[in-house]
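**Q** just to be clear, the model below is a prediction. Sequence and coordinates:
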Amino acid sequence: MDHITLQSEALVPTDYGEFRIMAFAQKDSEQMPHLAIVSPLLNIKEPVLLRVHSECMTGDIFQSKKCDCGEQLDVSLKQAARNNGMVIYLRQEGRGIGLIEKLKAYKLQQNGLDTVDANLALGHQADAREYQDAVAILNHFHISAVHLMTNNPLKMEYLTQYGIEVTKRVPIILPTKKENLGYFETKRKRMGHLF
């Protein structure tokens, strides 16, 4: 895989606070770059409060009740603003299968499959996400230690494997809804997420 680099950045005021929003891609014509959403007061001499968030258009933008992705992003941006941290926004929709395939998986879920079996039925991995680009972004900042906002132990393992010290896991605790109870149970029982 080709190396991603910083292509552009700007200081952006948001409802959460002011962030440097930085676009990382292989070339500057990339239409869907990964983003680093960074507090201007980021201090890399201490472990950085970090969320590595995979794009979820249905949850992040349309507030789908099938998942908790939008709520996790909301909590993470609030915490990053309060604690001089950062959110890395990876463009790997639908656990890496893309939006079209994700909507096909949703259709299968309407017929009784859980999120894992729906992906497998479509010929995909249960979770096809990769995190090497997140590591490349952290390396850009010379960040070597993080407090990772996650419920997914595999993210911790991946970052650690590539030289990023996860000094603490910061859980993201959210209330369940009747529409996402099965989703939470599948993540806990079949994917090892910690709640």
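**A** In hand now; what should we look at? Since we're looking at a predicted model, the values are computed, not measured. Numbers count the residues shown, from 1 in each chain.
**Q** what lies in contact with stretch 97-110?
**A** Stretch 97-110 has contacts (Cβ atoms under 8 Å, 6 or more residues apart in numbering) with 57-58, 66, 93-95, 115, 117-119, 121-122, 124, 128. Any C-beta I mention is one placed from the backbone N, CA and C, and that applies to glycine too.
**Q** just the CA trace of it, in CSV.
**A** What follows is stretch 97-110, C-alpha atoms only, in CSV (Å, rounded to 0.1, in the frame of the first residue of the first chain):
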residue,chain,number,x,y,z
ILE,A,97,-17.0,-3.1,2.8
GLY,A,98,-18.4,0.2,1.6
LEU,A,99,-21.8,1.8,1.8
ILE,A,100,-23.4,-0.2,-1.0
GLU,A,101,-22.5,-3.5,0.5
LYS,A,102,-23.4,-2.2,4.0
LEU,A,103,-26.9,-1.4,2.8
LYS,A,104,-27.1,-5.0,1.3
ALA,A,105,-26.0,-6.3,4.7
TYR,A,106,-28.7,-4.2,6.4
LYS,A,107,-31.3,-5.8,4.1
LEU,A,108,-30.1,-9.2,5.2
GLN,A,109,-30.3,-8.1,8.8
GLN,A,110,-34.0,-7.3,8.2
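**Q** give the helix, strand or coil label for the spatially most central residue of the chain.
**A** For the chain, the residue nearest the mean C-alpha position is H53 (1.2 Å; Cα atoms, centre = their mean). Secondary structure assignment for H53 (DSSP: H, G, I helix; E, B strand; the rest coil): strand.
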